[in-house]
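Visitor: need a 3D model of the following:
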Amino acid sequence: MSDRIRDIIAKADRMQADRGVYLQHCQEVRDFIYPLAMAVNRVETLGQKSNDKVLDNSGETAHELLAATIVSTLTPSWDDFFGLRAANEQLNRSANVAFWLEDAAGRMNKVFRSGRGGFSTAQHEKYLDVTGMGTAGGFIADRPGRGIIFNSVPLRQLLLAENADGKVDQVYRDFKLSARQAVGRWGRKCGAKVQEAASDPKKEETQFRFIHAVEPRQLLDSGKRDRLNMPMGSEYVCVEDKHMIDEGGFQEMPYSTPRWTKRADEVYGRGCGMKALADVRMLQRTMKVTIRGGEKMIDPPLMVADDGVVGPIRSNANGITYYRSGTYSIDPIKALLTGGRPDIGEEIMQGVRTRIDNAFLKPVIQMIRKDRMTATEVLQVTDENQRILSPYTGRLMLEDLEVMIERVFGIMMRGGAFLPLPTELQGQTLVIEYVSPAVKSQRVARARALAQFNEITAPMVQMDQALADNLDADLAYRDTADALGLPKDWMRDTDKVGEMRQARQQAQAQALQQKQAMEGIETAANAVRALPALKAMQAGGADAAA
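Guide: Take a look at the predicted model:
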């Protein structure tokens, strides 16, 4: 066994131990709030019942609502959710550059929307993990012949490490495959134990432990561009065989590992499920007591005399119980009134459900509706909701969407999936521009601010039109069109606009010159026509003087 294999296995074991307490916390969230998820810190039998601890599913419902809201807010499957821009804003004013960026973003969005790649399904699973347990994982693979594939990674398999900037730069995936699955994936690259098990029909389903280590390479040979000199190293190790199955690399980080929120000294995140866990557990306990109290009220316990009752007591419908007549002055069998109040239990649970809803931001994601609501009121409520969600959606954009978009862009660029790159963009830095509903709401606020500004300052401009010189109207106009999401090809290139304005000014100057020439000609003609009358007046004046 080489030192590198030994180091990978030892590091994975150490990372497993470091997150042990965290996984216990996550397992409780899974048991009470997200029972459909895979067990986090234990192995369960396939098909085993996982919701046996849940009597009231209010926590599960609030959790699913939040995850679905994040899907529709950040990555709607029915619309584009991001675009591309040049970091140099001057380049974005070029029609050629704008067209290429919009076309490239459109092609990428089609990959994300394609059902073939599985993005929508994987993303929903990730949002359930990250909102519930605080950490999620996804893998973006380039499969020859199948295109780009998106997969969610169970939290149990994720081992993370951060760099000095608090960004996850090392991902170890600790997972298991059957011998048959491993050979189907890697073939003869597998070790002897795996191949031997795969060749035996009785042992081919034997599970083996594998580790996929992805971390930045420290030493790169700049003169080589092979798999062993890519920025991100990739190594697959079989633990039982102590065997290096595959060694390669990636140009970009292939794993996205979003955290909902986290402490500064921790690597793994904390989700809304952890915040709501105490109330969810209390809800189950209160529900159990309330159910038991209700059962006693509906089917109360019986008080039975210790003598005189003949045979067994039949408490079922139409059941007959015999007793000796004349033995008792009162009924020998009667209900025991416990004085239970299930309604009080329901009141307590309603308060607990409200706290659970608050933990999962339900009041924020459900817009307060009135009988009649103006468009302005709708925008105001939406903006307020988005401001509350923005700290969380901002982290998801940085740690999840940005990683995936950069990975997809790199794969498509290397695969020749885009139009030829304009010369203006060669060597330039591109930035991601999100156009999801969450971001659109924030950008529309800028357009609304401009409208309000014009409305308020209109009387001032009427008094002094020179005040309008303070506003760059061209920039404001283009920024408003951009904020409202108008297609880039609807806006003319700034150079084209300049040419049109110059041509218009020349036409206006020519028209003015023609008008002035015509006015000069008319003035001259009038003078010619007035000359005889002027001479007559002059002659008449001379006669009068004589």
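Visitor: domains of this structure?
Guide: 3-52+85-271, 276-357 (automatic domain parsing).
Visitor: what's the most buried one of those?
Guide: Across the domains of the chain, the average number of neighbours (mean count of other Cβ atoms under 10 Å) peaks for domain 3-52+85-271, which reaches a mean of 17. For glycine as for every other residue, the C-beta is placed from the backbone atoms N, C-alpha and C.
Visitor: how far away from the center of its chain is it?
Guide: Domain 3-52+85-271 has its C-alpha centroid displaced from the chain centroid by 18 Å (Cα atoms, centre = their mean, to the nearest Å).
Visitor: now that domain: mean pLDDT?
Guide: Domain 3-52+85-271 carries an average pLDDT of 91.
Visitor: closest to the centroid, which residue in this structure?
Guide: The centre of the chain sits closest to residue 74, judged by Cα atoms, centre = their mean, with a distance of 4.1 Å.
Visitor: I'd guessed that residue sits against residue 398; true?
Guide: No. With contacts counted by Cβ atoms under 8 Å, residue 74 stays clear of residue 398, the gap being 11.8 Å.
Visitor: for the record, mean pLDDT for the lengthiest helix in the chain?
Guide: Using DSSP state H, we find that the single longest helix of the chain is helix 494-545. Per-residue pLDDT over helix 494-545 has a mean of 76.
Visitor: that helix: how far from the chain's middle?
Guide: That offset, for helix 494-545, works out to 69 Å (Cα atoms, centre = their mean).
Visitor: can you check stretch 413-431 too?
Guide: A distance of 26 Å separates the centroid of the chain from that of stretch 413-431, by Cα atoms, centre = their mean.
Visitor: from here on, count from 37
Guide: All right, first residue 37 from here; so that's stretch 449-467.
Visitor: tell me which residues in it are buried?
Guide: Within stretch 449-467, the residues scored as buried using 16 or more other Cβ atoms under 10 Å are 453, 458, 461, 466.
Visitor: can you lay out those as TSV showing pLDDT?
Guide: Listed next are the buried residues of stretch 449-467 as TSV, based on pLDDT from 0 to 100:
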residue	pLDDT
453	94
458	93
461	93
466	94
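Visitor: what's across from residue 173 in the sheet?
Guide: Per DSSP bridges, the residues bridged to residue 173 are residue 189.
Visitor: that one against residue 186, yeah?
Guide: No. Counting by Cβ under 8 Å, residue 173 stays clear of residue 186, with 11.7 Å between them.
Visitor: how much space between the residue nearest to the centre of the chain and residue 448?
Guide: Remark: distance between residue 110 and residue 448 (Cβ to Cβ, to the nearest Å) = 21 Å.
Visitor: what's the answer for residue 60, then?
Guide: 41 Å.
Visitor: so residue 348 is in which element?
Guide: When elements are assigned from DSSP states H and E, residue 348 belongs to no helix and no strand.
Visitor: ah, wrong one, I meant residue 391
Guide: helix 378-395.
Visitor: for that helix, give me every contacting residue.
Guide: Residues outside helix 378-395 that contact it (Cβ atoms under 8 Å, 6 or more residues apart in numbering): 92, 94-95, 98, 308, 311-312, 315-316, 318-319, 322-323, 325-326, 329-330, 333, 399.
Visitor: please enumerate the helices of the stretch 37-186 of the chain.
Guide: For the stretch 37-186 of the chain, the helices defined by DSSP state H, counting those that start in this stretch cover 39-54, 56-68, 94-110, 125-128, 131-149, 155-168.
Visitor: so which other helices or strands are in contact with the last one?
Guide: Using 3 or more Cβ pairs under 8 Å, 6 or more residues apart in numbering; DSSP states H and E as the contact test, the elements touching helix 155-168 are helix 94-110, helix 131-149, strand 173-179, strand 183-189, helix 308-334.
Visitor: of all these, which lies closest to residue 282?
Guide: For those, the distance to residue 282 is smallest for strand 173-179, at 13.4 Å, taking Cβ to Cβ.
Visitor: what angle do the closest one and helix 155-168 make?
Guide: Calculated by axes from the mean of the first three to the mean of the last three Cα atoms, to 10 degrees, strand 173-179 forms an angle of 160 degrees with helix 155-168.
Visitor: using PDB, write out every CA atom in strand 173-179.
Guide: Output in PDB follows, covering the C-alpha atoms of strand 173-179 (Å, rounded to 0.1, in the frame of the first residue of the first chain):
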ATOM      1  CA  GLY A 173     -23.900  18.000  -1.600                       C
ATOM      2  CA  GLY A 174     -24.100  17.600  -5.300                       C
ATOM      3  CA  PHE A 175     -21.800  16.300  -8.000                       C
ATOM      4  CA  ILE A 176     -21.600  17.600 -11.600                       C
ATOM      5  CA  ALA A 177     -20.300  14.900 -13.900                       C
ATOM      6  CA  ASP A 178     -19.400  15.000 -17.600                       C
ATOM      7  CA  ARG A 179     -20.500  11.600 -19.000                       C
END
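Visitor: which helices and strands does it pack with?
Guide: For strand 173-179, the packing partners by 3+ Cβ pairs under 8 Å, 6+ apart come out as helix 155-168, strand 183-189, strand 204-214, strand 291-292, helix 438-450.
Visitor: and those: which comes nearest residue 47?
Guide: strand 204-214 (6.9 Å).
Visitor: grab the CA positions of that closest one and hand them over as PDB.
Guide: Output in PDB follows, covering the C-alpha atoms of strand 204-214 (Å, rounded to 0.1, in the frame of the first residue of the first chain):
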ATOM      1  CA  VAL A 204     -14.900  24.400   1.000                       C
ATOM      2  CA  ASP A 205     -12.000  23.400  -1.100                       C
ATOM      3  CA  GLN A 206     -11.600  19.700  -0.100                       C
ATOM      4  CA  VAL A 207     -14.400  17.100  -0.500                       C
ATOM      5  CA  TYR A 208     -13.900  13.500   0.400                       C
ATOM      6  CA  ARG A 209     -16.900  11.200  -0.500                       C
ATOM      7  CA  ASP A 210     -17.000   8.100   1.600                       C
ATOM      8  CA  PHE A 211     -19.500   5.600  -0.100                       C
ATOM      9  CA  LYS A 212     -20.200   2.000  -0.700                       C
ATOM     10  CA  LEU A 213     -20.800   0.000  -3.900                       C
ATOM     11  CA  SER A 214     -21.400  -3.600  -4.600                       C
END
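Visitor: tell me what that strand is packed against?
Guide: Judged by 3+ Cβ pairs under 8 Å, 6+ apart, strand 204-214 is in contact with helix 39-54, strand 173-179, strand 194-198, strand 243-252, strand 291-292.
Visitor: low-confidence ranges, the stretch 287-436 of the chain, go.
Guide: 353, 361-366, 403-422 (pLDDT under 70).
Visitor: wait, residue 188 touches residue 164, no?
Guide: No. Residue 188 is beyond contact range of residue 164, at 9.0 Å (criterion: Cβ under 8 Å).
Visitor: and for residue 356, nearest residue in space, chain neighbours not counted?
Guide: Leaving aside its chain neighbours, residue 356 sits nearest to residue 350 (6.1 Å; criterion: Cβ to Cβ, 6 or more residues apart in numbering).
Visitor: sec struct for that neighbour, please.
Guide: On the three-state scheme (DSSP: H, G, I helix; E, B strand; the rest coil), residue 350 is labelled coil.
Visitor: with the one 4 residues further on instead?
Guide: The three-state assignment at residue 354 reads coil, by three-state DSSP.
Visitor: beta partners for the closest residue to residue 271 other than its chain neighbours?
Guide: Spatial nearest neighbour of residue 271, chain neighbours left out: residue 249 (4.7 Å); criterion: Cβ to Cβ, 6+ apart. Per DSSP bridges, residues listed as beta-bridge partners of residue 249: residue 208, residue 271.
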